[in-house]
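S.K.: Requesting a structural model of the entry that follows:
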Amino acid sequence: MTTQDNKIEGIPLIAPSSTDHPLYESVVEACRSVFDPEIPVNIYDLGLVYTIDINAENEVNITMTLTAPGCPVAGEMPGWVADAVESLPGVKQVDVHMSWDPPWGMDMMSDEARLELGFM
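M.R.: Now for the predicted structure:
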C-alpha cells in the first residue's frame, strides 16, 4: 500500500461527510462549540473533525483526531463532542471515534483558524 494525496490505493483516508443531511450544519456548529484547551480555536476549524456521518435514523457518527496522540485531553475530547452534538434537536444517537490516520497537520486548519493563530 502506498499513501499518495491522502489516498491508499484510490481509497480516501478520510471518509466523506453527510453534507446533504438536514442536520449536518447543526452538527458542524455543535462541533465548533468545542475548543482544544491548548489552542484557542474550535476543533472543527482546526481540522480535527474528519467525518460527520449521519444516517436516515439521525444517528451521528463522528471520526476525529487530535493535534497529537499524547494530547492531555485525548480521553475527554470525544465526550465533549458527543455532549455538544447529543443536545441537538432531532439527533438520536452520537458516536465519536478517534483516528490517527491520517495524522493531523497544520494544513488541515481552515483559513479562519490560520488567521486566528497568526499564520496568515
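S.K.: CA atoms for contacts and neighbours, from now on please.
M.R.: OK.
S.K.: For the protein, which segments count as strands?
M.R.: Listed in chain order, the strands of the chain (DSSP state E) span 3-4, 7-8, 11-12, 49-54, 59-64, 93-98.
S.K.: Ok, which of those comes nearest Asn42?
M.R.: Nearest to Asn42, of all the strands of the chain, is strand 49-54, at 10.1 Å by CA to CA.
S.K.: how far off strand 59-64 does the closest one point, in degrees?
M.R.: Per axes from the mean of the first three to the mean of the last three CA atoms, to 10 degrees, the angle that strand 49-54 makes with strand 59-64 is 170 degrees.
S.K.: May I have the strands that pair with strand 49-54, each with its orientation?
M.R.: strand 59-64 (antiparallel) (DSSP bridges).
S.K.: Distance from the chain centre to the strand it pairs with, please.
M.R.: On the basis of CA atoms, centre = their mean, to the nearest Å, strand 59-64 is displaced by 8 Å from the centre of the chain it belongs to.
S.K.: can you tell me the average pLDDT over it?
M.R.: The average pLDDT within strand 59-64 is 97.
S.K.: List the contacts of that strand.
M.R.: 48-54, 91-99 (CA atoms under 8 Å, 6 or more residues apart in numbering).
S.K.: Mind jotting down where the helices sit in this structure?
M.R.: With helices called from DSSP state H, the chain shows them at 24-31, 43-46, 77-86, 111-116.
S.K.: So which bits of the last one are buried?
M.R.: Yep, that's helix 111-116 we're talking about. Buried residues in helix 111-116, counted by 16 or more other CA atoms under 10 Å: Ala113, Arg114.
S.K.: Keeping just the C-alphas, turn it into CSV.
M.R.: Listed next in CSV are the C-alpha coordinates belonging to helix 111-116 (Å, rounded to 0.1, in the frame of the first residue of the first chain):
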residue,chain,number,x,y,z
ASP,A,111,-8.4,29.9,6.8
GLU,A,112,-10.2,31.2,9.9
ALA,A,113,-8.1,29.1,12.2
ARG,A,114,-4.9,30.1,10.4
LEU,A,115,-5.9,33.8,10.7
GLU,A,116,-6.8,33.4,14.4
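S.K.: Alright, I will stop here.
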